[in-house]
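Novice: give me a 3D structure for the following:
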Amino acid sequence: MPSSEITSLGCHTDLWNFETSLYSSLVLRQGWLEKMPEVRPASDVLGLVHPELCRKLGLRARVPVHVGIHDSNASLLPHLLEHDPPFAVVSTGTWVIATAPGGTLTGLDPARDCLANLDAFGRPVPSARFMGGREYSQLVGDAPPAHVGAATMARVLDEAIMLLPSVTAGSGPFPSRKAHWTHPQHTLDREARFVAVSFYLALMTAECLELAGADGNTIVEGPFAANKLFIEMLVAATGRPVEAMTSSQTGTSIGAALLARMQGGRAPGNVKAPIESSTRMAGYAAKWRAAVAE
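Specialist: Model (predicted):
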């Protein structure tokens with residue numbers, strides 16, 4: 001049965017009007033309205049997998065097929081079921097996407113890679129993003145240092161060794177800036193470079209959270225949740241608690257699974273205790289912000 005769904009329509013399509021909760025003027029002007037399928041909740045069941053296909057795939061009989069949900073909103077759904085807004089979720093992958101449930105859309109700047117999504121309940125969610133995962137791969141690769149010594153950390157903080165935006169030009173909160181280091185790269189060993197890159201990614205994330213109007217606790221999921229330096233600097237830069245989701249399951253897969261039981265239950269996940277910010281890290285964050293404001 002042809003069906004559409006609110007989170008997919010509300011993400012990158014220009015097909016939905018967030019103010020009226022109806023199709024946009026683009027759909028009306030182009031004469032597409034009668035061609036659009038019925039909009040149904042993400043959790044609705046469209047039907048059952050055909051018995052023959054179940055046998056071929058080794059599935060149990062009568063497997064339901066749900067309407068489905070946009071991937072970023074699938075990651076957000078477990079948190080919406082577990083927390084009351086305002087709070088923030090940072091999904092880390094190729095893109096780092098900061099979302100602020102409970103926030104308003106008034107402060108979003110499209111020139112700085114801000115946008116709005118619709119959550120599974122049809123509520124607008126202000127968001128901002130940058131290509132943090134890609135930048136990490138470019139800067140660190142697949143083999144980060146196994147250990148960062150206290151002396152290296154102290155040097156990066158005390159000498160304010162910084163990477164300034166943007167590594168990926170044309171996107172993120174500083175699309176017009178060209179990345180550069182405050183210190184010659186040949187003076188930095190592998191550990192120092194990793195520390196500075198982790199701090200850069202956290203400070204870019206903090207900037208995205210501010211653009212999205214985030215408030216309350218911040219939840220980080222995905223690969224960056226395991227980066228202690230990233231988490232600690234994010235705490236220092238935002239002044240708010242950060243929870244690092246370290247479950248091996250992805251937020252996207254958990255959110256999609258929850259469509260089958262939208263009426264109850266809280267989302268599973270391993271959460272680390274909030275990490276206190278340090279004065280030295282907060283000072284580093286202030287210097288970084290002053291440098292990007294020049």
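
Novice: low-confidence ranges in the stretch 1-150 of the chain?
Specialist: Residue ranges of the stretch 1-150 of the chain with pLDDT under 70: none are present.

Novice: can we see that at 80?
Specialist: 1 (pLDDT under 80).

Novice: now do the strands in it.
Specialist: Secondary structure of the stretch 1-150 of the chain (DSSP state E, counting those that start in this stretch): strands at 3-4, 16-17, 22-23, 38-39, 45-48, 64-66, 88-92, 96-99, 114-118, 124-130.

Novice: out of those, the one nearest residue 220 is which?
Specialist: Smallest distance to residue 220 across those (CB to CB): 4.7 Å, for strand 88-92. In short, each C-beta sits where N, CA and C put it, glycine included.

Novice: what does the closest one contact?
Specialist: By CB atoms under 8 Å, 6 or more residues apart in numbering, the list of residues contacting strand 88-92 from outside reads 72, 75-76, 79, 96-101, 132-133, 205, 208-209, 212, 214-225, 234, 251.

Novice: what strands flank the strand or helix carrying residue 219, and is each parallel or antiparallel?
Specialist: Using DSSP states H and E, residue 219 maps to strand 218-221. Partners of strand 218-221 in the sheet, by DSSP bridges, are strand 88-92 (parallel), strand 242-244 (parallel).

Novice: name the stretch among those strands that sits most buried.
Specialist: strand 88-92 (a mean of 27; mean count of other CB atoms under 10 Å).

Novice: just the buried residues out of the contacts of strand 88-92, in PyMOL syntax.
Specialist: Only the buried entries of these go into this PyMOL selection, using 16 or more other CB atoms under 10 Å:
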select buried, resi 72+75+76+79+96+97+98+99+100+101+132+133+205+208+209+212+214+215+216+217+218+219+220+221+222+224+225+234+251
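
Novice: coming back round to it: dump the strands paired with strand 218-221 to JSON lines, plus distance to residue 230.
Specialist: Formatted as JSON lines, these follow (distance: least, CB to CB, whole Å):
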{"stretch": "strand 88-92", "distance to residue 230": "8"}
{"stretch": "strand 242-244", "distance to residue 230": "9"}
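
Novice: and the residue located most distally from the centre of the chain, how far from residue 150?
Specialist: Within the chain, the residue lying farthest from the chain centre (CA atoms, centre = their mean) is residue 52, at 39.0 Å. Distance of residue 52 to residue 150, given as CB to CB, to the nearest Å: 63 Å.

Novice: what are the C-alpha coordinates of stretch 37-52, in CSV please?
Specialist: What follows is stretch 37-52, C-alpha atoms only, in CSV (Å, rounded to 0.1, in the frame of the first residue of the first chain):
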residue,chain,number,x,y,z
PRO,A,37,0.3,8.9,-0.9
GLU,A,38,-1.5,8.9,2.4
VAL,A,39,0.6,10.2,5.3
ARG,A,40,0.6,7.7,8.0
PRO,A,41,2.4,7.3,11.4
ALA,A,42,5.8,5.7,11.3
SER,A,43,4.6,2.9,13.6
ASP,A,44,1.6,1.9,11.5
VAL,A,45,1.6,-1.6,10.0
LEU,A,46,1.2,-1.7,6.3
GLY,A,47,0.8,-5.4,6.0
LEU,A,48,2.6,-8.7,6.5
VAL,A,49,5.6,-10.2,4.6
HIS,A,50,4.3,-12.7,2.1
PRO,A,51,4.5,-16.3,3.5
GLU,A,52,6.6,-17.5,0.6
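
Novice: chain neighbours aside, what residue packs nearest to residue 112?
Specialist: Nearest non-adjacent residue to residue 112, counting by CB to CB, 6 or more residues apart in numbering: residue 173, 4.7 Å away.

Novice: surely that neighbour meets residue 128?
Specialist: Yes. Counting by CB atoms under 8 Å, residue 128 is a contact partner of residue 173 at 6.5 Å.

Novice: looking at the two, which is more packed in?
Specialist: residue 128 (28 against 24; other CB atoms under 10 Å).

Novice: contact partners for the more buried one?
Specialist: 97-98, 108, 112-115, 173, 207-209, 211-212.

Novice: just put these in TSV and tack on distance to residue 242.
Specialist: Shown next, in TSV, are these (distance: CB to CB, whole Å):
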residue	distance to residue 242
97	16
98	12
108	22
112	22
113	21
114	21
115	23
173	19
207	15
208	14
209	10
211	17
212	15
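
Novice: and of those, the nearest to residue 286?
Specialist: residue 207 (13.1 Å).

Novice: roughly how far apart are that closest one and residue 279?
Specialist: 21 Å.

Novice: neighbour-wise, which of these two wins?
Specialist: Each of residue 207 and residue 279 has its neighbours counted (other CB under 10 Å); residue 207 has more, 22 against 8.
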